[in-house]
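Trainee: would you be able to build a 3D model of this:
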Amino acid sequence: DYAKAYQYYNQLSQQTQSSERLADALEGSLRSAFSAKDYEATANVATQIIRNGKSSPNLVAEALLYRAESYLALGNSPDGIKDLQSLSQDTKTIYGAQANVRLAQYAYDTSQYQAAEEILQKFIVSGTTHQYWLARAFILLSDVYMKTDRKVEAREYLLSLKSNYSENEEINNMIKERLK
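Mentor: You can find the predicted model right below:
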C-alpha cells in the first residue's frame, strides 16, 4: 500500500530530529509517492531531497528522475525536460542512461523524430555500461526509423539486437513484438 507508506514516511520526516532519519524518511516518501502515482507529492518530496545539502548524489539523481517523470505526468513538460536534460549529461549512471532514453521517448511521442534520433545516436555512442537502457535506446531508434519510413534500417537494428541481447525478457518481448 504505497499511499499508506507515503503517509508514514511523511509523518516520520516531519517528526524526526535526526538528519539521518530525515534522509531515510524523504527517500521512502519519494519512492512511495512515485509508486502510488501521486505525482504532486513526488515532485514536492524530490525538490526537498534536491535542496537538502545532505542527500547522497545517487539519491539526488533518483529524485531528479522521479521529479522529471512527475512533471511530465502533470503536464509540466518544460520543467520535466529540464530535469531530464540535467541528468542525461552523465550516461555512466543508471539515471543518466534512463534520462537519455526518456528524453528521446518524449521527442518521439511529440513527433520530433529527428530530435529523438539525435538524442539516441549520441547516447548509443556515449559508451554507457547500462545494457538495459542501451537496448531500450536501440528499440526506440527502430521505432523512429519505422515512423520516418526507414523500415529496413529498423528491422536490421531489431535483428541485431535480437541476436546480441538476451538478458532481459521485457526487451526480448519488445523485439519480438516489433518484428511481427
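
Trainee: residue contacts, the residue positioned nearest the centre of the chain?
Mentor: With distances taken as C-alpha atoms, centre = their mean, Gln98 lies nearest the centre of the chain, 4.1 Å away. Neighbouring residues of Gln98 by C-beta atoms under 8 Å, 6 or more residues apart in numbering: Leu65, Leu87, His130, Trp133. Yep, even glycine has a C-beta here, placed from its N, CA and C like the rest.

Trainee: out of those residues, who has the most neighbours?
Mentor: Leu87 (25 neighbours; other C-beta atoms under 10 Å).

Trainee: could you find the closest non-adjacent residue to that residue?
Mentor: In space, and not counting its chain neighbours, Leu87 is closest to Ala99: 3.7 Å by C-beta to C-beta, 6 or more residues apart in numbering.

Trainee: next SSE after the helix or strand in which that neighbour is found?
Mentor: Per DSSP states H and E, Ala99 falls inside helix 94-109. Counting by DSSP H and E, the next helix or strand C-terminal to helix 94-109 is helix 113-124.

Trainee: check which helices and strands that next one sits against.
Mentor: With contacts defined as 3 or more C-beta pairs under 8 Å, 6 or more residues apart in numbering; DSSP states H and E, the secondary structure elements packing on helix 113-124 are helix 94-109, helix 131-147.

Trainee: in CSV: those helices, plus distance to Thr16 and mean pLDDT.
Mentor: Shown next, in CSV, are those (distance: least, C-beta to C-beta, whole Å; pLDDT from 0 to 100):
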stretch, distance to Thr16, mean pLDDT
helix 94-109, 26, 98
helix 131-147, 35, 97
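
Trainee: including distance to Ile49, could those helices go into a markdown table?
Mentor: Output for the helices and strands packed on helix 113-124, formatted as a markdown table (distance: least, C-beta to C-beta, whole Å):
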| stretch | distance to Ile49 |
| --- | --- |
| helix 94-109 | 13 |
| helix 131-147 | 22 |
